[in-house]
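**Student:** Attaching a predicted model along with its sequence, questions to come.
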There are 2 protein chains.
Amino acid sequence: MYLPPFEINILGTSSAIPAFDRFPTAQLIHINGSYVLIDCGEGTQMQLRKYKLPAARIDVVLISHLHGDHIFGLPGLLTSLSLLQREKELLIIAPKELEEIIKLIIKHCEAKIVYPLKFIYTQTKEVKCVFENKKFKVYSFPLIHRVPTTGFVILEQERERNIIKEKIKEYNIPIHQFNRLKKGLDAEDEEGNVIRNEDVTIPPLPPRKYVYCSDTAVLKDIPEIVLNPDVLYHETTFLKEHQNLAEITQHSTTIDAAMTAKKISAKKLLIGHYSSRYENLEPLLIEARSIFENTVLAREGLRVKI
Amino acid sequence: MYLPPFEINILGTSSAIPAFDRFPTAQLIHINGSYVLIDCGEGTQMQLRKYKLPAARIDVVLISHLHGDHIFGLPGLLTSLSLLQREKELLIIAPKELEEIIKLIIKHCEAKIVYPLKFIYTQTKEVKCVFENKKFKVYSFPLIHRVPTTGFVILEQERERNIIKEKIKEYNIPIHQFNRLKKGLDAEDEEGNVIRNEDVTIPPLPPRKYVYCSDTAVLKDIPEIVLNPDVLYHETTFLKEHQNLAEITQHSTTIDAAMTAKKISAKKLLIGHYSSRYENLEPLLIEARSIFENTVLAREGLRVKI
């Protein structure tokens, strides 16, 4: 069965201080022809170029919170898109204060933005659908951090049912009846005989789900929308031995992330946002895998297909 | 004769849109134990790490103008220095509005800056000494661009005269008289005989000078302070064939830069700030050299010793 692309491209994996050639947080999600940028640390535009990803095609930018390592690449990206004569609207879904920062920079830096720039403000009180098109929805949900922070869920729209190829001839299904069948309705052949949907179609694959948890202490009340993701990205700033630091700074350890992956029945766990104290990341992977086997280490340039 | 270090470290050479692995403008100048950052395009902190340059030791940041490709690396650098527990003051010499931008970002991004941050505003009316310590002075001078822009001159302080080693024995020069001689005064030996300065010392090398011309149309009225530099950095956004673009955007071509180098009797010309339309930079070098032979192409990681 054809599965349209749903891919996570990792652009940065460092926490606040970029070290060991790691860049601060950013991910480009490609979902069936749409491009969503999640967070935009310094250097994101260079990383997009390096990995030959289409910056010009970004439709939506999701910003989890206003710490610099998640937003300092945004002014440069917005300016470059303008210099490249972008025409289509860019939607930024972010905490309210980001708009003030961007507008002040545009004002003082003569950074004319030639395309429409639209802001939607996130809030950290409850789960909210912040974006929807024909292919997917985006939900924001509250995380626990030193400043207002949200995670994001990218969820495919329900797909249509699939007509079984062999049944088309067998039941003489007229082409103009295909749409009814895909929508789950019964159809009719040219003689007026009823074609029962369940006889000629199979249900679509369930919508795929990506959950992004950037910069958070251990989540206690996990909203339903977060459950059962195909991939959970969860920050692991620290090893277990630095749990005290994680608590002080409201970050997570490898163990915290792996426990959450288990709790929400994720199929795969992707970890990142590594502290600059770790040059070698292997111990983080080993620790997470001790709790949740299907863990992957995010690295700059990694592409994860869902 | 011992020459204390005076080095230009190139961190970025792209113009507004970073392309072909080129980073936007930034240079770190090491002058006899002091570090001056000139401009701070996006990714400067990563470039400093990549080339193992001591970000923590930067004393002064000079910002030529407020276009994004010269400042978008500053918030990240300032934040990282704070996270690294910098204690000493950082002086930023820049157009006034930069302070408002940085302060708004600090406010909204919970980017506490734990060290003293001091701003000195540049102006584009006249030449001005904007910084001085025991080793060097910095002058700003007006450039011609779409927004208020200044160039910078980094000029060593006059050095003391050098006592000729062999003469110390010959004239029985007491150690406590060395300082007088170094300052150009006559001295006395233990018997009270006059030691004439010119007999036992030689003059110091003339102070070295670096001139930085970022983002400018062709300079017409060149201030005296700019004359006779050891190295002139001059932007060359365009080849001669794109002179019309240079005029519209108030930038320079290779020919403009080389003519200026000749006019001010520079010893060496360093070119950079290349348009993203040029992947191969060799033609820019050839063109500049056709007018000014001692031209060097700035590239990320290049170190030029003065």
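**Tutor:** Yes, it's here. Just so we're clear, the structure is a prediction, and the values are computed from it rather than from any experiment. Residues are numbered from 1 along each chain as shown, chains lettered A, B, ... in the order given.

**Student:** For the rest of this, base every contact and every neighbour count on C-alpha atoms.
**Tutor:** Will do.

**Student:** Where is the longest helix in chain A?
**Tutor:** helix A:97-108 (DSSP state H).

**Student:** Tell me which helix or strand comes right after that helix.
**Tutor:** strand A:117-121 (DSSP states H and E).

**Student:** Kindly report the residues of chain A close to chain B.
**Tutor:** Chain A has residues A:16-19, A:21, A:23, A:42-43, A:46, A:49-50, A:66-69, A:72-73, A:75-76, A:79-80, A:83, A:97-98, A:101, A:104-105, A:108-111, A:147 near chain B, with proximity defined as CA under 8 Å from any CA of the partner chain.

**Student:** Narrow the residues you listed to those in helices?
**Tutor:** Filtering these for helices - DSSP H - leaves A:46, A:49-50, A:68-69, A:75-76, A:79-80, A:83, A:97-98, A:101, A:104-105, A:108.

**Student:** buried subset of the residues you listed?
**Tutor:** Buried members of these, counted by 16 or more other CA atoms under 10 Å in any protein chain shown: A:46, A:68-69, A:75-76, A:79-80, A:97-98, A:101, A:104-105, A:108.

**Student:** biggest separation within these, which pair?
**Tutor:** Using CA to CA, these span at most 25.1 Å, a distance reached by A:Met46 and A:Glu97.

**Student:** The residue lying closest to A:Lys134 once chain neighbours are set aside: how many residues sit nearby?
**Tutor:** Among residues not flanking A:Lys134 along the chain, A:Gln157 sits closest, at 6.9 Å (CA to CA, 6 or more residues apart in numbering or on different chains). By other CA atoms under 10 Å in any protein chain shown, the residues close to A:Gln157 number 16.

**Student:** so who does A:Gln157 touch?
**Tutor:** Shown in contact with A:Gln157 (CA atoms under 8 Å, 6 or more residues apart in numbering or on different chains): A:134-137, A:207.

**Student:** if I look at it, how far off is chain B?
**Tutor:** 34 Å (CA to the nearest CA, to the nearest Å).

**Student:** What does the closest residue to chain B within the stretch 151-300 of chain A show for phi and psi?
**Tutor:** Residue nearest to chain B within the stretch 151-300 of chain A: A:Ser276 (10.6 Å; CA to the nearest CA). Note on A:Ser276: backbone dihedrals following degrees, to the nearest 10 are phi -70, psi -10.

**Student:** Next up, the contacts around it.
**Tutor:** A:Ser276 neighbours (CA under 8 Å, 6+ apart): A:14-20.

**Student:** For PyMOL, what selects the buried ones among the contacts of A:Gln157?
**Tutor:** One line in PyMOL is enough to select the buried ones among the contacts of A:Gln157; burial here means 16+ other CA under 10 Å:
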select buried, chain A and resi 135+136+137
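
**Student:** what's the closest of the contacts of A:Gln157 to chain B?
**Tutor:** Looking across the contacts of A:Gln157 and measuring by CA to the nearest CA, the closest to chain B is A:Lys137, at 27.7 Å.

**Student:** Tell me the spacing between the closest one and A:Phe152.
**Tutor:** 10 Å (CA to CA, to the nearest Å).

**Student:** for stretch A:203-215, the distance to its chain's centre please.
**Tutor:** The chain centre lies 9 Å from the centre of stretch A:203-215; the measure is CA atoms, centre = their mean, to the nearest Å.

**Student:** what does stretch A:51-70 give?
**Tutor:** With CA atoms, centre = their mean, you get 10 Å for stretch A:51-70.

**Student:** Between the two ends of it, how far is it?
**Tutor:** OK, stretch A:51-70 end separation, CA to CA: 19 Å.

**Student:** Give me the buried positions along it.
**Tutor:** A:53, A:55-70.

**Student:** same deal with stretch A:110-125?
**Tutor:** For stretch A:110-125, by 16+ other CA under 10 Å, it's A:111, A:113-114, A:119, A:122-124.

**Student:** Closest to A:Val304 out of those?
**Tutor:** Nearest to A:Val304 among the buried residues of stretch A:110-125, with distances taken as CA to CA, is A:Thr122, at 26.5 Å.

**Student:** From chain B, how far off is the closest one?
**Tutor:** 15 Å.

**Student:** tell me the contacts of that residue?
**Tutor:** A:93-96, A:130, A:140, A:150.

**Student:** Let's see that with 6 Å instead.
**Tutor:** Contact partners of A:Thr122, counting by CA atoms under 6 Å, 6 or more residues apart in numbering or on different chains, are A:94-95.

**Student:** Just the pLDDT at it, thanks.
**Tutor:** pLDDT, A:Thr122: 96.

**Student:** Please apply the same query to A:Met1.
**Tutor:** In this model, A:Met1 carries a pLDDT of 67.

**Student:** cool, A:Lys107 as well?
**Tutor:** Confidence score, pLDDT, at A:Lys107: 85.

**Student:** Can you report how many residues lie near it?
**Tutor:** Neighbours of A:Lys107 (other CA under 10 Å): 13.

**Student:** How about A:Ser15?
**Tutor:** If we define neighbours as other CA under 10 Å, then A:Ser15 has 24 of them.

**Student:** what about the closest residue to it other than its chain neighbours, neighbour count?
**Tutor:** Nearest non-adjacent residue to A:Ser15, counting by CA to CA, 6+ apart: A:His273, 4.5 Å away. Number of residues near A:His273 (other CA under 10 Å) recorded here: 28.

**Student:** Name all residues that make contact with A:His273.
**Tutor:** Per CA under 6 Å, 6+ apart, neighbours of A:His273: A:13-15, A:235-237.

**Student:** From those, pick the one nearest B:Asp215.
**Tutor:** Once CA to CA is applied, the member of the contacts of A:His273 that ends up nearest B:Asp215 is A:Ser14, at 32.5 Å.

**Student:** how about the closest one, phi and psi?
**Tutor:** According to degrees, to the nearest 10, A:Ser14 has phi -90, psi 160.

**Student:** A:Arg146 versus that one, what's the distance?
**Tutor:** Taken as CA to CA, the span from A:Ser14 to A:Arg146 is 18 Å.

**Student:** Which one of these two is surrounded by more residues?
**Tutor:** Counted by other CA under 10 Å, A:Ser14 and A:Arg146 do not tie: A:Ser14 has more neighbours, with 27 against 16.

**Student:** quick revisit: now the angle between helix B:97-108 and the longest helix of chain A, please.
**Tutor:** 180 degrees (axes from the mean of the first three to the mean of the last three CA atoms, to 10 degrees).

**Student:** pull the CA atoms of helix A:97-108 into CSV?
**Tutor:** This file holds the C-alpha atoms of helix A:97-108, laid out as CSV (Å, rounded to 0.1, in the frame of the first residue of the first chain):
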residue,chain,number,x,y,z
GLU,A,97,6.3,37.5,22.5
LEU,A,98,8.2,36.2,19.4
GLU,A,99,6.2,38.4,17.2
GLU,A,100,7.4,41.5,19.1
ILE,A,101,11.0,40.4,18.7
ILE,A,102,10.7,39.6,15.0
LYS,A,103,9.0,42.9,14.3
LEU,A,104,11.6,44.9,16.2
ILE,A,105,14.4,43.2,14.2
ILE,A,106,12.6,43.8,10.9
LYS,A,107,12.2,47.5,11.8
HIS,A,108,15.8,48.1,12.9
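
**Student:** could you check the angle strand A:117-121 makes with that helix?
**Tutor:** Going by the same axes, to 10 degrees, helix A:97-108 makes 150 degrees with strand A:117-121.

**Student:** roughly how far out does helix A:97-108 sit from the chain middle?
**Tutor:** On CA atoms, centre = their mean, the centre of helix A:97-108 falls 25 Å from that of its chain.

**Student:** before we move on, what about stretch A:41-49?
**Tutor:** For stretch A:41-49, the distance to the chain centre is 17 Å (CA atoms, centre = their mean).
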